[in-house]
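Participant: sequence plus the predicted model coming up.
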Amino acid sequence: MTKGLPNSRLSAWSDAVTQQPYDLLADVYDQEIHVRTAHEFGHLVEQRLLGALHGPLRILDVGCGTGVLASSLCGPGRRVAALDRSLGMLRRAEARLNGSSRYAVLCADMTALPFAAAFDVVTACNEVVNQVPPAQLDRLVRQLGSVLRPGGWLAFDALTAEHFRRFWDRRRWEERNGLGLLWMECDWSEVRKEGSVSSVAIQNGPTGLRIRTVTFAEYQHDRERIEECLAASGLAVIDRVAWNQYPEPQPEGFIDRHLWICQRVQGPFV
């Protein structure tokens with residue numbers, strides 16, 4: 001078990017270094033909605049948590065993707081470990097973080113984190129929690145709590161059922177920028193609380209177009225179930241923020257996701 005942060009060079013654990021769906025999307029992933037969500041998440045966490053914490057901070061960003069959030073979290077007195085299981089995403093994160101000694105870029109599975117209780121703050125942005133099926137939610141929450149020091153903080157967002165019904169139910173989405181095009185066909189199962197995505201990434205390159213296809217799933221977790229897992233892992237909910245990050249008007253009462261801020265109040269973990 002790793003006791004502290006490794007150096008800033010990309011580090012990997014052998015059980016995580018297999019091709020992941022996001023490896024195929026990494027080159028075109030930084031579309032407007034993903035980047036904006038990470039920046040807004042970082043702004044909310046600064047306002048509601050980090051701005052009130054003093055002294056050096058060790059931060060772990062789980063499911064860091066291309067490093068947008070990790071790059072915004074690092075300031076004077078902070079060191080950030082950016083962790084993802086996709087080497088493709090991490091290579092882009094490493095380029096964004098530009099070899100700074102304030103960062104470590106790590107490849108590992110978030111349900112088997114290779115750390116002891118070493119961090120003051122753990123973050124998980126862009127619905128990382130919704131990437132695990134219901135049977136693994138408890139394990140994921142235990143892992144996120146176990147790498148926090150006593151009194152440490154966890155901040156994450158989770159999608160609501162309303163999000164999946166509105167944006168995943170037989171919907172097609174297309175996003176494009178200078179990196180290329182990301183096309184998604186989504187489907188939502190109310191019975192299984194599972195959304196599936198068939199995605200095509202088309203990248204502009206010096207030798208022509210590069211086309212990659214991938215399918216993956218996300219899962220909706222009830223707020224009550226999330227709170228049950230947090231409590232069982234010794235994590236007290238300090239704040240829960242209703243968050244609509246889309247710029248267009250939404251139906252009255254619509255909540256896209258919640259941002260959770262929790263504190264580790266029990267330990268040691270087993």
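Facilitator: Received it, and whenever you're ready, just let me know what you need. Residues are numbered from 1 along each chain as shown.
Participant: E228: how many residues sit nearby?
Facilitator: E228: 14 surrounding residues under other C-beta atoms under 10 Å. For glycine as for every other residue, the C-beta is placed from the backbone atoms N, C-alpha and C.
Participant: which of the three states applies to it?
Facilitator: State at E228, reduced to three classes by DSSP: H, G, I helix; E, B strand; the rest coil: helix.
Participant: and L148, how close does it get to E46?
Facilitator: Going from L148 to E46 by C-beta to C-beta, to the nearest Å gives 19 Å.
Participant: likewise for D256?
Facilitator: Counting by C-beta to C-beta - D256 and E46 are separated by 20 Å.
Participant: just to revisit the earlier point, which one's more surrounded, L148 and E46?
Facilitator: Neighbours per residue (other C-beta under 10 Å) separate L148 from E46, with L148 holding more: 27 against 14.
Participant: tell me what the closest residue to the more buried one other than its chain neighbours is bridged to.
Facilitator: In space, not counting the residues next to it along the chain, L148 is nearest to R264; the distance is 4.3 Å by C-beta to C-beta, 6 or more residues apart in numbering. Beta bridges link R264 to L235, judged by DSSP bridges.
Participant: just for the stretch 51-200 of the chain, where's the confidence low?
Facilitator: Residue ranges of the stretch 51-200 of the chain with pLDDT under 70: 99.
Participant: so where do the strands sit in it?
Facilitator: With strands called from DSSP state E, counting those that start in this stretch, the stretch 51-200 of the chain shows them at 57-62, 78-84, 103-107, 119-124, 148-159, 171-177, 180-189, 194-205.
Participant: where do the helices sit along the chain?
Facilitator: Along the chain, counting by DSSP state H, helices occupy 32-48, 68-73, 87-97, 134-146, 161-167, 223-232.
Participant: what packs against the second one?
Facilitator: Which is helix 68-73. helix 32-48, strand 57-62, strand 78-84, helix 87-97 (3 or more C-beta pairs under 8 Å, 6 or more residues apart in numbering; DSSP states H and E).
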